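> next comes the sequence, and after it the predicted model I'd like to discuss.
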Amino acid sequence: MKHQNIHFSFLTRTVSYLSLTFATTLALVTGINTEVKAAKIEFDADTYAYSNPNTCTPQLAPDNKCFVEDGFNVEAFSGRETGSDPGHFHEGGHFHASNSYEAQHFSSVDRLLGVYLTLVGGGIFSLESLDYQLRDNTRAISGYSTDNTKILISTTFDPTQPVLGQFTEFSLGNELDLPFQTLYLTEFDNITQVYIASSGDVNFDNITTTEIPEENNPNSVPEPGTLVGLLTLGTMGVCFRRKESQR
């Protein structure tokens, strides 16, 4: 009997351990782990060779300037002939960061210039905030007014379609000479890419994001068979522990 009790205790401990493993695994696959990684894009002029770095491969058009910071690809884009069939991402998008912020600007009524963000190697992230400053209030792209410049943010952008209606808009008004202010965002969680621009001339800085671990991705749903197996294992552990306590 002594040997049998030892054997049973060993089995109980083994199953209990597996049950704990199940609980930990289940927490991971169902996204209970909340650890995230913060990142900030700062456009430092010294680091990025005074506006035109080239340290990553552009995704939107050849010869676009692109740099890597805090695990993100930061690419300059230039949408040309927007709202028409010839609309396209023009080659040679570049930055204007000689003052250690991105001086995004108006170019033409049918052009949109801005910044495109993706994680190096792909992945899920959330856009948390950015700093902005209205620099000029005399020019605006098609569909917008100089009376109320807009910050434009979207996870998609098709240059063949009008800019108006493709972006979430944030009104800045038309008052100049204000210091940088922070725009806090809640609309861009669990995304894989984002376009940031404006309808006129706006300075951008300190674009803040949080990277979402793969196990926290709400779209990463484990296979039903995996969950059934884990749940069965956990149930076995509970049953063995209950039987042991009754002895």
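Nice, I can see it.

> domains in the protein, as residue ranges please.
Under the assignment automatic domain parsing, the domains of the chain span 2-30+222-246, 37-215.

> next, format the ones you listed as a markdown table and append mean pLDDT and mean neighbour count.
Every residue, glycine included, has its C-beta placed from N, CA and C. Shown next, in a markdown table, are those (pLDDT from 0 to 100; neighbours: other C-beta atoms under 10 Å):
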| stretch | mean pLDDT | mean neighbour count |
| --- | --- | --- |
| domain 2-30+222-246 | 44 | 13 |
| domain 37-215 | 93 | 18 |
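
> surely residue 38 is in contact with residue 206?
No. Contact between residue 38 and residue 206 fails when scored by C-beta atoms under 8 Å: they sit 11.7 Å apart.

> which parts of this structure are helices?
2-29, 224-246 (DSSP state H).

> which residues in this protein form strands?
Under the criterion DSSP state E, the chain carries strands at the ranges 37-41, 66-69, 72-80, 88-89, 102-104, 112-119, 124-136, 149-154, 168-173, 181-184, 194-198, 201-212.

> contacts only, for residue 110.
80, 81, 82, 83, 84, 141, 142 (C-beta atoms under 8 Å, 6 or more residues apart in numbering).

> biggest separation within these, which pair?
84 and 141 (13.5 Å; C-beta to C-beta).

> any figure for the gap between residue 148 and residue 169?
As for residue 148, its distance to residue 169 is 9 Å (criterion: C-beta to C-beta, to the nearest Å).

> thanks again, I'm all set now.
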